[in-house]
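Novice: Generate a structure from the sequence data that follows.
(chains A and B)
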Amino acid sequence: MVGTPVLFIAIPLLAAFLIPLLGMIWKELVRIVPGLVLTYLLILAINLLNHVLVHGPIVEVIAGWVPPIGINLVFSAFSGFLVTLMIFLGLLVWIYSYRFKRNVEYEPALKYFLMLMMLITGSVGIVLTGDIFNMFVFIEITSISAYGLTAFYKGRNSAEASFKYVMMGSIASTFLLLAIMIIYSQLGTLNMADIARKIHLMNPTLKIVSYIFFVTALGIEAEIFPLNGWAPDAYAEAPGPVGAAFAGIVVKAAVYAIIRYTYTIFDLSSSFSFLIIIGMITLIIAETAAIRQEKLKRMLAYSSIGQMGLVLVAFGFGTKEGVFAALFLMLNHAIIKSLLFFSGSYLVYNSTEKNIKEVNGMSKFLPVTSLLFAIGAFAIVGLPPFAGFWSKLSVLTAAADSNMILIMVLVLMVSVVELVYYLRVVNRIYFFKKEADTKPHKPTFNALFVMLVLGAIILLIGFYPDAVTGMLHKASASLMDKGQYIHNVLSLK
Amino acid sequence: MDSTLFHYLDYAVYGTAILVMLIGFYGTMVKKSLLKIVISLSVIDSGLNLLIVTIGYYKGGTAPIFSPGFLKNFKDVSKMVDPIPQALVLTAIVIGFGVTAVALALVIRLYRHHGTLNIDEIKNLKW
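Specialist: Purely as a prediction, here's the structure:
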């Protein structure tokens, strides 16, 4: 063992607050330190994940207070997989934005990296923690840094997008706290495993009310349909890499929280069909909205919302195949959507409106970026040689196994819509003539490197899915085994 | 008589907390000024904090502080109110303060950009 799970929170949090001080010593440290921290955390995460896959979950007790009294962190195959994925994406976001815009001054760069570290700390904390109030604190850390990152560029309408996000996020946190207090007043505990053990003692009405409050609050972060009004604007106004960080890190953490509440904490049997219904509505509404968008990043944002809907549908099957499919989708979505945001923001780099029209004929000027965008577009739609094919296939087989033929048909129909709007963009990149007014901007070396890595991973998973499926099977088994989770946390002495 | 009166008072405190929250929700939905919206968000937080403290309280409880000589009389220990809701409220207040600060910073940015605080006139994005 090389480290413990608490380092995933302690080190980036410490680094985030040391960044301004380090900047006083040497300004370049502001850019370098986050990368060093994330590299270390990635190595640690991979080591711990390998350990966990063989030896079973690690439960860390904070400050010597044994659960259910104290806070504990759980690094299981499921949470470890998500932590590794998030830190990997965080590292890629760092590489991509290391030299982002040489015109960004010292001061904004400092704030950017500080908030990025806080965002990663918060999201990783949500996934690792075993205490519902602690999760609330991490959700707030994540949201506040997300508000800041959304408002990063002063020239755009970013403050407006961010204010919208603040309003929804702040109401979400109220509901979350209310749900936590309902549970606390009924059961007198805040520990997830302890709640899961005692949940049958709770008043059934209050149980449903608190579950609904939880899903409402987390649904705002996870972009579930009626609550996702902030998402398209925040994605469109935030810097490109931040869009990738939202899609890959923040939303994943929020979906994790919903899943943890549904699978481990609450024992409501109707919650699974509830997930299928809201997931399906989100999927259909988002994909039909995406086809009407004129701005590239708004289209990508709606596509991201739709994918999250599909993830919820897959989790809603409640079977092992469903969980496996959902995790596979989450992995693919994180990788592919990041690639799309990274390459897409170069395709519309110099235009002010960021309209889809501006990508016309870009393939002649930015051949590699265009090719990578096309790979990403085909992959997310689920065309065969790419990674997205396997995850969509596993969703469909999971639906077939649960005898949900209607869901299968709807998912396939929505995929056609998805295919149409992605192909429309790719068609414009390759076969339209360029309009004269915008100059293409060559990607920096770092950005190109990140995009190539992501493209390579998409092809690797596409041709050799066994590289990840073993791990995903273990992760889904770890989520499904509720009794084992309770036992692992509460048997500590 | 005394206990029933307290019973009603108990409900009154819960009712007040929920009423404060509802006033806040009303404000966020109806008010047009950005500043009033931020204030309403803060009012929701206050109502919720009041509610949480109320959950931890019971009649005749004492402050949950251990002091020397306290343990001699075990009855006093069992009279302590639940400290956890109070600790949670402290955290929630700090978080609410942070969110309000961020929201106000954004209001300043919006005011500089648009020259108005009226939410109807700030419509570059679809609401």
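Novice: going forward, measure contacts and count neighbours with C-alpha atoms only.
Specialist: Fine.
Novice: quick one, helices of chain B?
Specialist: Applying DSSP state H to chain B gives helices spanning B:2-30, B:34-56, B:74-79, B:83-114.
Novice: can you put those in TSV and add mean neighbour count, mean pLDDT and distance to A:Ala234?
Specialist: Below are the helices of chain B laid out as TSV (neighbours: other CA atoms under 10 Å in any protein chain shown; pLDDT from 0 to 100; distance: least, CA to CA, whole Å):
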stretch	mean neighbour count	mean pLDDT	distance to A:Ala234
helix B:2-30	15	81	20
helix B:34-56	22	90	18
helix B:74-79	13	66	50
helix B:83-114	18	90	14
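Novice: among those helices, which is nearest A:His487?
Specialist: helix B:83-114 (24.6 Å; CA to CA).
Novice: still on that earlier bit, mind putting the helices of chain B in CSV, distance to A:Ala10 included?
Specialist: Formatted as CSV, these follow (distance: least, CA to CA, whole Å):
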stretch, distance to A:Ala10
helix B:2-30, 35
helix B:34-56, 28
helix B:74-79, 35
helix B:83-114, 19
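Novice: To chain A, which of those helices lies closest?
Specialist: Taking CA to the nearest CA, helix B:83-114 is the member of the helices of chain B nearest to chain A, at 5.7 Å.
Novice: and the angle from the closest one to helix B:34-56?
Specialist: 180 degrees (axes from the mean of the first three to the mean of the last three CA atoms, to 10 degrees).
Novice: name the helices or strands packed onto helix B:83-114?
Specialist: Counting contacts by 3 or more CA pairs under 8 Å, 6 or more residues apart in numbering or on different chains; DSSP states H and E, helix B:83-114 is packed against helix A:132-150, helix A:158-187, helix B:34-56.
Novice: just so I know, which of the helices of chain B lies nearest A:Ser145?
Specialist: Nearest to A:Ser145 among the helices of chain B is helix B:83-114 (9.6 Å), distances taken as CA to CA.
Novice: okay, the angle between that closest one and helix A:132-150?
Specialist: Using the same axes, to 10 degrees: helix B:83-114 against helix A:132-150 is 10 degrees.
Novice: Kindly list the main-chain dihedrals of the closest residue to A:Val420 other than its chain neighbours?
Specialist: Excluding the flanking residues, the one nearest A:Val420 by CA to CA, 6 or more residues apart in numbering or on different chains is A:Ile291, at 7.8 Å. Phi and psi for A:Ile291, reported as degrees, to the nearest 10, are phi -70, psi -20.
Novice: Tell me how many other residues surround A:Ile291.
Specialist: Counted with other CA atoms under 10 Å in any protein chain shown, residues neighbouring A:Ile291 total 18.
Novice: Distance to A:Phe88 for the helices and strands packed on helix B:83-114 - can I get that in TSV?
Specialist: As requested, the helices and strands packed on helix B:83-114 are exported to TSV (distance: least, CA to CA, whole Å):
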stretch	distance to A:Phe88
helix A:132-150	17
helix A:158-187	26
helix B:34-56	35
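Novice: Which of those helices sits closest to A:Gly243?
Specialist: Closest of these to A:Gly243 is helix A:132-150, at 8.8 Å (criterion: CA to CA).
Novice: I'd like the distance between A:Gly90 and chain B.
Specialist: Distance of A:Gly90 to chain B, given as CA to the nearest CA, to the nearest Å: 24 Å.
Novice: any idea of the pLDDT on that residue?
Specialist: At A:Gly90, the predicted lDDT confidence score is 92.
Novice: Then the one 5 residues further on?
Specialist: At A:Ile95 the predicted local confidence, pLDDT, stands at 89.
Novice: To A:Ala475, which of the helices and strands packed on helix B:83-114 lies closest?
Specialist: A:Ala475 lies closest to helix A:132-150 among the helices and strands packed on helix B:83-114, at 20.5 Å (CA to CA).
Novice: what inclination does the closest one have with respect to helix A:158-187?
Specialist: 180 degrees.
Novice: From the contact counts, what lies against helix A:132-150?
Specialist: helix A:106-128, helix A:158-187, helix A:230-237, helix B:83-114.
Novice: Among the helices of chain B, which comes closest to A:Leu42?
Specialist: helix B:83-114 (29.1 Å).
Novice: Quick check, central residue of chain B?
Specialist: B:Ser46 (2.1 Å; CA atoms, centre = their mean).
Novice: can you list the residues of chain A near chain B?
Specialist: Taking CA under 8 Å from any CA of the partner chain as the contact definition, chain A meets chain B at A:133, A:137, A:140, A:144, A:147-148, A:151, A:157, A:159-163, A:166-167, A:170-171, A:174, A:178, A:181, A:185, A:229, A:233.
Novice: Return a ChimeraX selection command for the buried portion of these.
Specialist: A single ChimeraX command is used to select the members of the residues of chain A next to chain B judged buried by 16 or more other CA atoms under 10 Å in any protein chain shown:
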select /A:133,137,140,144,147,148,151,157,159,160,161,162,163,166,167,170,171,174,178,181,185,229,233
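Novice: circling back to that earlier point, any chance of the helices and strands packed on helix A:132-150 in a markdown table, with distance to A:Ile32 too?
Specialist: Putting those into a markdown table (distance: least, CA to CA, whole Å) gives the following:
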| stretch | distance to A:Ile32 |
| --- | --- |
| helix A:106-128 | 10 |
| helix A:158-187 | 27 |
| helix A:230-237 | 26 |
| helix B:83-114 | 27 |
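Novice: Those: which one's closest to A:Met24?
Specialist: Of all these, helix A:106-128 comes closest under CA to CA, at 10.8 Å.
Novice: Quick check: buried residues in the closest one?
Specialist: So for helix A:106-128, counting by 16+ other CA under 10 Å, buried means A:109-128.
Novice: try stretch A:354-373
Specialist: Result for stretch A:354-373 [16+ other CA under 10 Å]: buried residues A:354-363, A:366, A:368-373.
Novice: Identify the residues contacting A:Tyr422.
Specialist: Taking CA atoms under 8 Å, 6 or more residues apart in numbering or on different chains, we find A:Tyr422 in contact with A:377-378, A:381.
Novice: for A:Ser173, same thing?
Specialist: A:136, A:140, A:217.
Novice: mind running it again at 10 Å?
Specialist: A:136-137, A:139-140, A:143, A:179, A:213-214, A:216-218, A:220, B:45, B:92, B:95-96 (CA atoms under 10 Å, 6 or more residues apart in numbering or on different chains).
Novice: pLDDT score assigned to it?
Specialist: 91.
Novice: cool, and B:Lys126?
Specialist: 59.
Novice: Could you export the contacts of A:Tyr422 as JSON lines, including pLDDT?
Specialist: Shown next, in JSON lines, are the contacts of A:Tyr422 (pLDDT from 0 to 100):
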{"residue": "A:Ala377", "pLDDT": "90"}
{"residue": "A:Phe378", "pLDDT": "90"}
{"residue": "A:Val381", "pLDDT": "87"}
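Novice: how about low-confidence regions in the stretch 251-400 of chain A?
Specialist: A:352 (pLDDT under 70).
Novice: Try it again at 80.
Specialist: Applying pLDDT under 80 to the stretch 251-400 of chain A flags the ranges A:269, A:349-363.
Novice: so which of the contacts of A:Tyr422 comes closest to chain B?
Specialist: Nearest to chain B among the contacts of A:Tyr422 is A:Ala377, at 26.2 Å by CA to the nearest CA.
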